[in-house]
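>>> no FASTA, just this:
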């Protein structure tokens, strides 16, 4: 019997949607690159450092893949094989998270390389080593953005995994995750502006952490989030861990 | 005799009542054990408990002398192959990729594929498989690592008669090679042909653990005589054997030694005998009759 980790990679490899959705995300990046050809030099730096929207597209892909990775095992009944082989359910759970983490890492690398390729093909005049935010070069800004997005993605992984452990339908988990990805920041900002008296507590809500990258790009965003970038980092870490631990507890109790 | 599996006083309770109630039985190594009972009797639950898939509240489960719990069941991974409920397959993988995923030795894959006659479609994705093809692949996955114990839940589901026969032959062949089987089935006639031991489950309890031949002896054996004039035959027998108090031409086992006398009397009175049948000609009837007896007694 092959080790569980190997099995997870094999499943990801042979599942077409894993790679097709990633290709679509890269396609959307190319489209963004093509539609922003005539923007100013400053804007072209912004688009490049944000990987032509690639990180946002990849988060949607990651949410869908993560949701189906958990729920499909219960839907198909294949969880029985996994639990028998793993000896304990928590091991199955964390091996799945490890496989998703590897996919997450590979996805971010592909998005990074695609952004560089799009720049070379469509924006030859853009200097990768010209200065941009935080006194760093454009390319460093892209790397920083990718790293922060990778870190933030665990908040989504945690949330979606938790929902996937409750729901038996991957579409539900994916839809809620994507809904949070689109509307989470807005919802948090609305709550904070509507109830100023509870800001000291409400600013720690998980949706507020989704402003992380936005605040990195525009530091003045602190007036909306009421948190320092470092505090948001801690918030992301704590909420991600909390969601993942809750997910594990639900995963262990779920009926096979 | 060496025991491959032992269940002692296993109980499992869910909020809506007891699912397993003090289940105890041993499976001797080298047998083909059938586990039968009506829907919801607890057959699949017993199998899941044996595989470490369900947490039980009380008792002990041992496979190959090693304790099995939902948290610790390495012996199941190493020594048991199973098909529980439906075959659990990934639609985007081929049959071969499934076997590759679960097998410890690639050479064993081609052997089991040939034995189950799956060569024509093993390289196709399982989303294209029929129910029978999926069932065969599920069985192949259970057998591919040549485990000591194979647990098959309703393995004949979806199989055509030819495939069912081939599966029976394969089970017998693997059994001769030393594999012990625990098989549940509603198609009792299929089980009857191969099992060496039987466990009857009803309402989460073990009703009987025995052999098929012993099982037949447990219920009242009857012989049914059918003639061209049943009324005349009964009257004749009541005149000639008034003390026997016959009410019909269904003769109970306690009068079976007189069967030849009854038949002789019927023939001598110019009544034609059309058939003489054993009322208990299959395991299914026997089991249902026995379960009826049990529930009548409990009432």
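Sure, I can see it. Here the structure is a predicted model, which means the values were calculated and not measured.

>>> so who does the residue of chain A found nearest chain B touch?
Per CB to the nearest CB, residue A:77 is where chain A lies closest to chain B, at 3.6 Å. The C-beta positions use only the backbone N, C-alpha and C, and glycine is treated the same way. By CB atoms under 8 Å, 6 or more residues apart in numbering or on different chains, the contact set of residue A:77 is B:84, B:85, B:86, B:88.

>>> Spatially nearest residue to residue 68 (excluding sequence neighbours)?
You didn't pick a chain, so chain A it is. residue A:170 (4.0 Å; CB to CB, 6 or more residues apart in numbering or on different chains).

>>> meant chain B actually
Going by CB to CB, 6+ apart, residue B:68 has residue B:61 as its nearest residue, at 4.5 Å.

>>> The one you found and residue B:13, how far apart?
Between residue B:61 and residue B:13 the computed distance is 16 Å (CB to CB, to the nearest Å).

>>> between the two, which one's more packed in?
A direct count of neighbours by other CB atoms under 10 Å in any protein chain shown for residue B:61 and residue B:13 places residue B:61 higher, at 22 against 14.

>>> which residues in the chain form helices?
Going with chain A. For chain A, the helices defined by DSSP state H cover A:4-14, A:16-35, A:41-49, A:54-76, A:79-86, A:89-122, A:138-166, A:170-194, A:199-202, A:212-217, A:222-225, A:229-253.

>>> not quite, I wanted chain B
Going by DSSP H, chain B shows helices at B:43-50, B:74-79, B:95-102, B:106-115, B:131-143, B:161-176, B:188-192, B:212-218, B:230-240, B:259-268, B:283-298.

>>> on that earlier part again, where's the residue nearest to residue B:68 relative to residue B:27, distance?
For residue B:61 relative to residue B:27 (CB to CB), the value is 11 Å.

>>> same thing with residue A:167?
From residue A:167 to residue B:27 the distance is 38 Å (CB to CB).

>>> now residue B:39
23 Å.

>>> of these two, who's got more company?
More crowded of residue B:39 and residue B:27, by other CB under 10 Å: residue B:27, with 23 against 7.

>>> excluding its backbone neighbours, what's nearest the more buried one?
residue B:5 (4.1 Å).

>>> could you list every residue that touches the one you found?
Going by CB under 8 Å, 6+ apart, residue B:5 touches B:26, B:27, B:50, B:61, B:62, B:63, B:64, B:149, B:180, B:182.

>>> Adding pLDDT as columns, could you present these in a markdown table?
Below are the contacts of residue B:5 laid out as a markdown table (pLDDT from 0 to 100):
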| residue | pLDDT |
| --- | --- |
| B:26 | 91 |
| B:27 | 92 |
| B:50 | 95 |
| B:61 | 95 |
| B:62 | 95 |
| B:63 | 95 |
| B:64 | 93 |
| B:149 | 96 |
| B:180 | 95 |
| B:182 | 95 |
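
>>> pLDDT value on residue A:150, please?
What the model reports as pLDDT for residue A:150 is 95.

>>> Contacts only, for the residue nearest to it when sequence neighbours are not counted.
Leaving aside its chain neighbours, residue A:150 sits nearest to residue A:108 (5.1 Å; criterion: CB to CB, 6+ apart). Contacts here follow CB under 8 Å, 6+ apart; on that basis residue A:108 touches A:55, A:58, A:146, A:149, A:150, A:153.

>>> Mind doing that once more with 7 Å?
A:58, A:146, A:149, A:150 (CB atoms under 7 Å, 6 or more residues apart in numbering or on different chains).

>>> Minimum distance to chain A, which residue of the stretch 51-200 of chain B gives it?
Chain A sits closest to residue B:88 of the stretch 51-200 of chain B, with a gap of 3.6 Å, by CB to the nearest CB.

>>> That residue against residue A:74, yeah?
No: the pair residue B:88 / residue A:74 is not scored as a contact, 10.1 Å apart, by CB atoms under 7 Å.
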